[in-house]
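>>> sequence first, predicted model second:
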Amino acid sequence: MRTDSSPGTLPAREHLPAGDAGTPVLDVVIPVFNEEKDLQPCVLRLHDHLKRTFPYAFRITIADNASTDTTPQVSRRLEAEFPEVKAVRLEQKGRGRALRTVWSASDAPILAYMDVDLSTDLNALLPLVAPLISGHSDLAIGSRLSRSSRVVRGAKREFISRTYNLILRGSLQARFSDAQCGFKAIRRDVAQALLPLIEDTGWFFDTEMLVLAERAGLRIHEVPVDWVDDPDSTVHIVKTATDDLKGVWRVGRALATGSLSLDRLTRPFGDDPRDREIKDVPKGLARQLVGFCVVGGLSTLFYLLLYSGFRVFTGSQVANALALLVSAIANTAANRRLTFGVRGRGGAVRHQAQGLVVFGIGLALTSGSLAALNAASSDPGHSTELAVLIAANLAATVLRFLLFRAWVFPDRRDADATTNASRTPVPKASSATYSTVGAGSMAQPAHHGPLPQRPVTQGAPHHPFDTTQFRAGEAADGSWRDATMQLQPVRPHDTDSRDMR
């Protein structure tokens, strides 16, 4: 959608002509429900844009969410007319359900989706998927809230969108700017590992996907977009907002309790600054020190507030013991998750028990300091007690960090890597660029060499889908929900002599 309506000093931007391409590299999904009027213009415009500007082969998949009008007939007609168009019918509603079903069954290395109204300028499509094709990013989203974006919409939708993103930042610590823009893309290998973790089947699907990906350390690329509001949108704002808030609560609770297995999404390759080794410093020590200092500062403040509260109705020794006990439990839990990156409930009781041992050592240091102060002065002031406790806690903090790192939360990554290496067969030189290990047909490796060029269409092409109808919420073989996908390192220069593509 071109929005430059007035001439300027620079000429209008034009895309270079696209070359010929072969096997689909990009699969764009358009979820629809009762869109008999808008579906055909949308597909025609998108198809024309991709033909003219996209340098690789593509597929447009229409995901019909149980439409009751003539949308299925329009979809089948477009599928018959254009070789690059595929129609999929689902018998249940839900945008998230449609995306998960089609993405789980697709063979394209890059998966994307956009709303049928095409409110987003299509000139942003190639910048959206380019970082995914190059391997630079894992997901990509269009952002209407970037400073360089140009957006035309009413004040009501603008307020709702910005308020929702503020809620995400405040409650889930989200750093991406626009969760609701219907213009996103993801790498297929990432999607296979991420989709089984997403519960929502409606409009909150996007947000849940982005939050989990960000918390797992995946790279999310943002593209400023030009966006014009669709005045005929059928989205029920109040119901959608209510469902989104319920989703925020559910995901926030899951992240707080560590019930999500986000470690399965950790990238085993790439130049992650967190994995860089600092000379003469053990791996991870610098990051752990920063996290421990932050947690320690907050714990000390919490401890002093507790001590001051307990001191009102009890003696200094009892107040110190109670305050230290409560703050130590909170400190161990915070360091376990934030400093040493231990997720889940496994070993939590053992870690707390070891933390209480460390607490006992801290109690001995602080109690001994108070005893020495009371011996030196018969009636020390409250400020003097706090000063002595701060000094004693500093000494206890250094000892606590050393014990946490060496005893309570030892770094077992090297031992785990050695164990896994002994159990994993050495791959052949011709390993697949995109491969996953799992159950069912989704676990089969997909070999991709250099991105193919688009050939001149000759007759009817072959589509990877075995059927045009799926049961809602699962892939064609129904196996994705139970599959455990494991990302394998990408080796872009590996080729397979057996790959005829």
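Alright, I've got the coordinates. Numbers count the residues shown, from 1 in each chain.
>>> for Gln488, give me the pLDDT.
pLDDT for Gln488: 40.
>>> for Leu265, same thing?
On the pLDDT scale, Leu265 is placed at 66.
>>> and Lys86, how far from Leu78?
Lys86 is 9 Å from Leu78, where distance means CB to CB, to the nearest Å. To be clear about C-beta, it is placed using only N, CA and C from the backbone, and glycine gets the same treatment.
>>> which neighbours do the two share?
Counting by CB atoms under 8 Å, 6 or more residues apart in numbering, the contacts common to Lys86 and Leu78 are Ile62.
>>> which residues does Ser75 contact?
By CB under 8 Å, 6+ apart, Ser75 lies in contact with Val32, Leu39, Ile62, Asp64, Ala87, Arg89.
>>> now with 10 Å?
Ser75 is in contact with 30, 32, 35-36, 39-40, 43, 61-64, 67, 85-89, 468, counting by CB atoms under 10 Å, 6 or more residues apart in numbering.
>>> show me these that map onto helices.
Using DSSP state H, the members of these that fall within helices are Leu39, Gln40, Val43.
>>> now the buried members of the residues you listed.
Leu39, Gln40, Val43 (16 or more other CB atoms under 10 Å).
>>> possible to save those as a markdown table with pLDDT?
Shown next, in a markdown table, are these (pLDDT from 0 to 100):
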| residue | pLDDT |
| --- | --- |
| Leu39 | 92 |
| Gln40 | 93 |
| Val43 | 94 |
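>>> what is the neighbour count of Ala155?
By other CB atoms under 10 Å, the residues close to Ala155 number 7.
>>> what's the spacing between the residue nearest in space to the middle of the chain and Asp206?
Centre of the chain computed as the mean C-alpha position; nearest residue by CA atoms, centre = their mean is Ala213, 1.1 Å away. The gap separating Ala213 from Asp206 is 11 Å, by CB to CB.
>>> hey, what's in contact with both of those two?
Common contact partners of Ala213 and Asp206 (CB under 10 Å, 6+ apart): Ile198.
>>> list the buried residues of stretch 306-316.
Leu306, Tyr307, Phe310, Arg311, Ser316.
>>> I meant stretch 245-260, not that one.
Applying a neighbour-count criterion of 16+ other CB under 10 Å, one finds Gly247, Val248, Val251, Ala254, Leu255, Gly258, Leu260 buried in stretch 245-260.
>>> and that stretch, how far from the chain's centre?
Computed by CA atoms, centre = their mean, to the nearest Å, the chain-centroid distance of stretch 245-260 equals 14 Å.
>>> and stretch 106-124, by the same measure?
Worked out by CA atoms, centre = their mean, stretch 106-124 lies 18 Å from the chain centre.
>>> which parts of the chain are strands?
Along the chain, the segments classed as strands by DSSP state E run 26-32, 58-65, 85-90, 110-114, 139-143, 150-152, 183-187, 220-224, 226-228, 436-437, 469-470, 486-487.
>>> Pro131: which of those is closest?
When the strands of the chain are compared by CB to CB, strand 220-224 sits nearest Pro131, at 4.4 Å.
>>> which of the contacts of Ser75 are buried?
For these, a neighbour count by 16+ other CB under 10 Å gives the buried set as 30, 32, 35, 39-40, 43, 61-64, 67, 85-89.
>>> out of those, which is nearest to Gly346?
Each of the buried ones among the contacts of Ser75 was scored against Gly346 by CB to CB, and Ala63 proved nearest at 37.9 Å.
>>> touching, that closest one and Tyr113? I think so.
Yes - using CB atoms under 10 Å, Ala63 is in contact with Tyr113, at 8.4 Å.
>>> got any residues that touch both of those two?
Common neighbours of Ala63 and Tyr113, using CB under 10 Å, 6+ apart, are Val29, Ile30, Pro31, Arg95, Ala98, Leu99, Val102, Trp103.
>>> report how many residues lie close to the fifth one.
The criterion is other CB under 10 Å. On that basis, Ala98 has 30 neighbouring residues.
>>> for it, give me the pLDDT.
On pLDDT, Ala98 comes in at 91.
>>> check contacts around the closest residue to it other than its chain neighbours.
Nearest residue to Ala98 in three dimensions, chain neighbours excluded: Ala63, at 3.8 Å (CB to CB, 6 or more residues apart in numbering). Going by CB under 10 Å, 6+ apart, Ala63 touches 29-33, 75, 86-90, 95, 97-103, 113, 470.
>>> kindly recompute the last result at 8 Å.
Contacts of Ala63 (CB under 8 Å, 6+ apart): Val29, Ile30, Pro31, Val32, Val88, Leu90, Ala98, Leu99, Thr101, Val102.
>>> same deal with Asp244?
Listed by CB under 8 Å, 6+ apart, the contact partners of Asp244 are Tyr164, Trp203, Phe204, Thr207.
>>> and which of those residues is nearest to Pro131?
Closest approach to Pro131 among the contacts of Asp244 (CB to CB): Thr207, at 20.8 Å.
>>> any idea how many residues pack against the closest one?
By the criterion of other CB under 10 Å, Thr207 has 24 neighbours.
>>> what sits closest to it if chain neighbours are left out?
Ala179 (4.4 Å).
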